[in-house]
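Novice: requesting a structural model of the entry that follows:
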Amino acid sequence: MAEQDLDRNEEATPYKLQKAREKGQVSKSAEVVSALVFTVAIVYLNWKGWDGLVAQFGYDHALLTQAGRIEPSAANLWHLVGGMIRDAGFMLAPFLGALMLAAIVGNMMQTGPILSMEPVQPDFDRLNPVNGLKKVFSMRTLFDGARAIVKLLLLTLVVYYSLKSLVPQFFHLAALPPAGLARTIIDDAASTGLKIALMLCLIALVDYGYTRREFNKKMRMSRRDLKDEGKNREGDPRIRARLRELRREALKRSMAAAYTKNADVLLTNPTHFAVALRYVHGEMQSPQMIAKGTGTLAAKMREIAARHSIPVVQNPPLARELYHSLEVDQHVPPSLYAQVARIMVWVFAMKQARTGAAPGAAT
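Specialist: Residues are numbered from 1 along each chain as shown. Alright, predicted model coming up:
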């Protein structure tokens, strides 16, 4: 049974995946990001390569012309260098911005927005040389090395066949003017780069599928894990049952103040306990306890009894006995009939005397 529980054959629950996501543990392939960034760079080169080269040549010509006209001094030199850095930043900003956007999109497509500080927290286990040696000689390291070799071989083949297709035109490059030579080199570089980008995208697609498969395999759960997760999320069934029972008792006690106004008599300790009894002749075999309370709740019940003119009888032994032996809505047991009956007879006699005296008092 224990071995069966340890077999992780069940798919990960959404709760476990969410917890892993909060810790920054998600399925992500670095090949997808690198392939997307390289593809964007090559597309940008094919789109703006020639215009960028012409702009760079024009800027270099203007810079050299300006450098030959200024007086050689530290202030002029720093002014010239500052202008170079600023202008170079403006020229490279669209290209670098496109690469940054591609990297962000590559990550967001795989994982979505994640805000977790746990991956960047210091982990001193990484400084352990034993753990480092285990990683060096692990099967994962060997697999990553083999994957890198296969990737290098594929890219080498792409570059080889791409350059091989360009060999015939190499003999005509010497006859081209400088502008035509530069334009040809840019076009050939963009063409070769697009073929490399296509191979990188295919590699990234395979690596993405493999990464997701490995992540899902890592997140798998055993039956015991599922049971433990259920207990952690919802609590132990016995504890939950006990909590429900306590909530019901708390609700009954909280309603004691509201039920006290329907009582015929209130038995007290006189201050620590309060028990409200109700009796309907012909419908009940014995009085029914409709509310009980201690401490502040008992004081609240006495206050409500005084407000509704409900008799309050101080009988500490009987009040304690009823409080401990009965629950709300239960009836008085036969063992306490005699004691409770004497009180109820007195209460009803007092009510009859009161109702009988009321007309005479009115006249």
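Novice: next, count neighbours for Arg212.
Specialist: Number of residues near Arg212 (other Cβ atoms under 10 Å) recorded here: 14. The way it works is simple: take the backbone N, C-alpha and C, and place the C-beta from them, glycine included.
Novice: how about it: what's its closest non-neighbour residue?
Specialist: The shortest distance from Arg212 to any non-neighbouring residue, by Cβ to Cβ, 6 or more residues apart in numbering, is to Ser27 (4.7 Å).
Novice: ok, that neighbour touching Asp207?
Specialist: No. With contact defined as Cβ atoms under 8 Å, Ser27 does not reach Asp207; the gap is 11.1 Å.
Novice: so which bits of the helix or strand hosting Leu101 are buried?
Specialist: Counting by DSSP states H and E, the secondary-structure element that holds Leu101 is helix 74-111. Neighbour-count burial for helix 74-111, counted by 16 or more other Cβ atoms under 10 Å, picks out 98-99, 102, 106-107, 110.
Novice: from these, pick the one nearest Ala35.
Specialist: Closest approach between the buried residues of helix 74-111 and Ala35, by Cβ to Cβ: Gly106, at 8.0 Å.
Novice: before we move on, the earlier item: want to throw the buried residues of helix 74-111 into a markdown table with distance to Phe57?
Specialist: A markdown table is the format used below for the buried residues of helix 74-111 (distance: Cβ to Cβ, whole Å):
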| residue | distance to Phe57 |
| --- | --- |
| Ala98 | 22 |
| Leu99 | 23 |
| Ala102 | 27 |
| Gly106 | 33 |
| Asn107 | 36 |
| Gln110 | 40 |
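Novice: of the residues you listed, closest to Phe90?
Specialist: Proximity of the buried residues of helix 74-111 to Phe90, judged by Cβ to Cβ, is greatest for Ala98, which lies at 14.6 Å.
Novice: and that closest one, what is it in contact with?
Specialist: Contact partners of Ala98, counting by Cβ atoms under 8 Å, 6 or more residues apart in numbering, are 40-41, 44.
Novice: residue boundaries of the strands in the stretch 151-300 of the chain?
Specialist: Secondary structure of the stretch 151-300 of the chain (DSSP state E, counting those that start in this stretch): strands located at 265-268, 273-278, 288-294.
Novice: of those strands, which is nearest Arg223?
Specialist: Put simply, out of the strands of the stretch 151-300 of the chain the one that sits nearest Arg223 is strand 288-294, at 45.9 Å, with distance taken as Cβ to Cβ.
Novice: what helix or strand is the residue nearest to Arg212 located in?
Specialist: Ser27 belongs to no helix or strand when assigned by DSSP H and E.
Novice: right, I'll call it a day here.
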